[in-house]
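**Q** the sequence and its predicted three-dimensional model are supplied below.
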Amino acid sequence: MIGAVQLGLLAACIVVLVPMGLAGWHLSRNKMLFFSGALFISLAVAVHLSPYFPSLSDFIPSATSSTSSSSTSSSVVVLENRDSCLSLLHQIEWDMDNYGYNRSGMSWRWEKSDSTMVACDFQKLQKADARDLLNGSWVVVAGDSQARFFVLSLLGLILGEEEIELVRGDLFKRHSDYHIVIDGVGMKMDFIWAPYVSNLTDLAMDLNKNRSCPDVLVMGSGLWHMLHVSNSTDYGKSLQVLSRSMMPFLVPVSPEFGVGSGLGTVSGRSQAHLFWLGMPMLINSMLNTEEKRERMINVTLDAYSRRLHRSHLLRQSSGPFLLLDIQSLSKNCGVHCTQDGMHYDAIVYEAAIQIMLNALLIESQQKL
């Protein structure tokens with residue numbers, strides 16, 4: 001097949017070169033007139049053929065385009081590194097060498113298996129760092145008993161061991177909400193008892209209706225639905241409804257919305273940071289009622305997990321929430337980390353807290 005360049009050359013020969021030859025024959029007796037005509041016709045040839053050849057800028061990029069390209073490339077690299085680090089946050093390893101009968105002595109650390117893990121530079125935030133990061137922020141955690149243990153670990157990091165004992169009783173009042181403002185940090189925290197996904201959807205709609213947007217919103221539910229409904233299809237549908245209700249939280253917050261004053265050192269973000277608290281690994285033989293042992297089996301847990309990942313709720317499936325994978329953490333910690341087969345030792349939730357805090361640092365491109 002004849003290409004565009006060949007057709008252009010053929011057209012030029014017919015339209016331009018033939019008249020040029022005839023004009024040259026008539027003008028040969030006047031050299032000045034001949035060369036003037038030749039110059040004019042040469043320019044005409046150039047005009048006809050120029051669309052078929054690359055421009056000069058394609059070979060010699062301008063300084064402006066070079067700078068723009070470099071800036072774009074840099075942005076892409078930063079984005080890729082950020083996403084890579086977020087995907088590696090759960091790559092941790094447990095050390096049970098000093099694990100004793102008093103359920104203490106266990107520790108964990110992030111793997112340093114490759115250069116990417118090293119470059120991400122994950123770090124365990126201490127009390128002062130966590131208080132700086134969450135200074136002036138509004139944190140909302142909504143869910144079932146797993147979410148309550150998550151709140152306990154976060155407050156334990158922010159307040160310290162002595163102060164946390166003073167609030168433990170109020171936090172663990174059965175089936176109740178909890179609210180605290182931490183003096184000296186300006187941090188406000190709300191725990192909302194929401195055992196079903198429909199409760200989470202109601203909360204999201206209320207926040208949107210009241211034009212309120214927390215700085216950090218952690219949600220998680222599934223255990224109650226598994227126990228009392230035991231229908232993974234219904235669970236998946238409720239997750240899809242929740243995902244749609246979260247859409248207002250994905251756009252920049254307008255000034256009239258009631259929001260926190262920013263996340264301390266985490267600045268420049270106008271939407272809530274959204275996290276999904278996954279369900280734990282269930283040790284069926286250790287569950288404390290016959291009903292739980294009958295309904296909360298691994299097959300059902302796997303079905304619920306598949307529905308979660310297909311619901312477009314998590315970022316892995318183009319959803320709004322970053323997963324805090326309690327199932328992975330509890331599975332790797334093992335059977336020694338639980339007494340009732342459902343709720344795990346504090347170290348599991350502490351690991352989830354550190355994963356969340358590092359995610360906040362990554363998303364805001366901050367370093368402590």
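**A** Here it is on my side, so go on.
**Q** and the strands in the stretch 151-300 of the chain?
**A** Using DSSP state E, counting those that start in this stretch, the strands of the stretch 151-300 of the chain run over 178-182, 187-193, 212-213, 216-220, 258-259, 273-277.
**Q** of all those strands, which one is nearest residue 201?
**A** strand 216-220 (9.8 Å; Cβ to Cβ). (C-beta placed from N, C-alpha, C; glycine too.)
**Q** direction included, what does that closest one pair against?
**A** Here strand 216-220 has these sheet partners by DSSP bridges: strand 138-143 (parallel), strand 273-277 (parallel).
**Q** what about dumping the CA coordinates of that strand to CSV?
**A** Backbone C-alpha positions of strand 216-220 (Å, rounded to 0.1, in the frame of the first residue of the first chain) are rendered in CSV as follows:
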residue,chain,number,x,y,z
VAL,A,216,-9.6,10.2,59.4
LEU,A,217,-12.6,7.8,59.0
VAL,A,218,-12.1,4.2,59.9
MET,A,219,-14.9,1.7,59.2
GLY,A,220,-15.3,-2.0,59.5
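**Q** that one - what's its average pLDDT?
**A** The average pLDDT within strand 216-220 is 97.
**Q** contacts for it?
**A** Residues from elsewhere that reach strand 216-220 (Cβ atoms under 8 Å, 6 or more residues apart in numbering): 134, 137-144, 146-147, 150, 194, 200, 203, 242, 249, 263, 272-279, 321, 324, 326, 356, 360.
**Q** can you check what pLDDT the model gives the closest residue to residue 184 other than its chain neighbours?
**A** Distance criterion Cβ to Cβ, 6 or more residues apart in numbering; nearest residue to residue 184, sequence neighbours excluded, is residue 131 at 7.9 Å. pLDDT for residue 131: 95.
**Q** thought residue 131 was touching residue 159?
**A** No. Counting by Cβ atoms under 8 Å, residue 131 stays clear of residue 159, with 9.4 Å between them.
**Q** residues contacting the residue positioned nearest the centre of the chain?
**A** By Cα atoms, centre = their mean, the chain has its centre lying nearest to residue 322, at 5.0 Å. Residues near residue 322 by Cβ under 8 Å, 6+ apart: 86, 273-276, 314-315, 359.
**Q** which one of the residues you listed sits closest to residue 330?
**A** Closest to residue 330 out of those is residue 276 (15.4 Å), distances taken as Cβ to Cβ.
**Q** is the closest one in contact with residue 324, as I believe?
**A** Yes. Using Cβ under 8 Å, residue 276 is in contact with residue 324, at 6.6 Å.
**Q** mind listing what residue 328 touches?
**A** Residue 328 makes contact with 90, 278, according to Cβ under 8 Å, 6+ apart.
**Q** burial of residue 165, as a residue count?
**A** 11 (other Cβ atoms under 10 Å).
**Q** and it, how far from residue 274?
**A** Distance, residue 165 to residue 274, using Cβ to Cβ, to the nearest Å: 31 Å.
**Q** can you map out the helices along the stretch 151-300 of the chain?
**A** Along the stretch 151-300 of the chain, the stretches classed as helices by DSSP state H, counting those that start in this stretch are 161-171, 197-209, 223-228, 232-245, 290-295, 298-310.
**Q** could you dump those into a markdown table with distance to residue 112 and mean pLDDT added?
**A** Below are the helices of the stretch 151-300 of the chain laid out as a markdown table (distance: least, Cβ to Cβ, whole Å; pLDDT from 0 to 100):
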| stretch | distance to residue 112 | mean pLDDT |
| --- | --- | --- |
| helix 161-171 | 29 | 88 |
| helix 197-209 | 36 | 96 |
| helix 223-228 | 34 | 97 |
| helix 232-245 | 35 | 97 |
| helix 290-295 | 39 | 97 |
| helix 298-310 | 28 | 97 |
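**Q** nearest to residue 341, of those?
**A** Checking those against residue 341 by Cβ to Cβ gives helix 290-295 as the closest, at 8.2 Å.
**Q** that closest one: which residues count as buried?
**A** 292, 295 (16 or more other Cβ atoms under 10 Å).
**Q** just give the number of residues close to residue 177.
**A** Neighbours of residue 177 using other Cβ under 10 Å come to 12.
**Q** what does residue 221 show for phi and psi?
**A** When read as degrees, to the nearest 10, the backbone of residue 221 gives phi -160, psi 150.
**Q** and if you look at residue 176?
**A** phi -130, psi 160.
**Q** got a list of what the residue nearest to it when sequence neighbours are not counted touches?
**A** Leaving out its chain neighbours, the residue that sits closest to residue 176 by Cβ to Cβ, 6+ apart is residue 193, at 5.9 Å. Applying Cβ under 8 Å, 6+ apart to residue 193 gives the contacts 142, 144, 148, 175-177, 199.
**Q** do that again at 6 Å, thanks
**A** Residue 193 is in contact with 175-177, counting by Cβ atoms under 6 Å, 6 or more residues apart in numbering.
**Q** deepest-packed of the strands of the stretch 151-300 of the chain, please.
**A** Highest mean neighbour count of those: strand 216-220, a mean of 25 (counted as mean count of other Cβ atoms under 10 Å).
**Q** wait, what's in contact with residue 147?
**A** By Cβ under 6 Å, 6+ apart, the contact list for residue 147 reads 141, 220, 277.
**Q** same thing with residue 355?
**A** Taking Cβ under 6 Å, 6+ apart, one finds residue 89 in contact with residue 355.
**Q** check which helix or strand it maps to.
**A** Assigned by DSSP states H and E, residue 355 belongs to helix 346-363.
**Q** was I right to think residue 275 contacts residue 325?
**A** No. If you go by Cβ atoms under 6 Å, residue 275 and residue 325 don't touch, sitting 10.7 Å apart.
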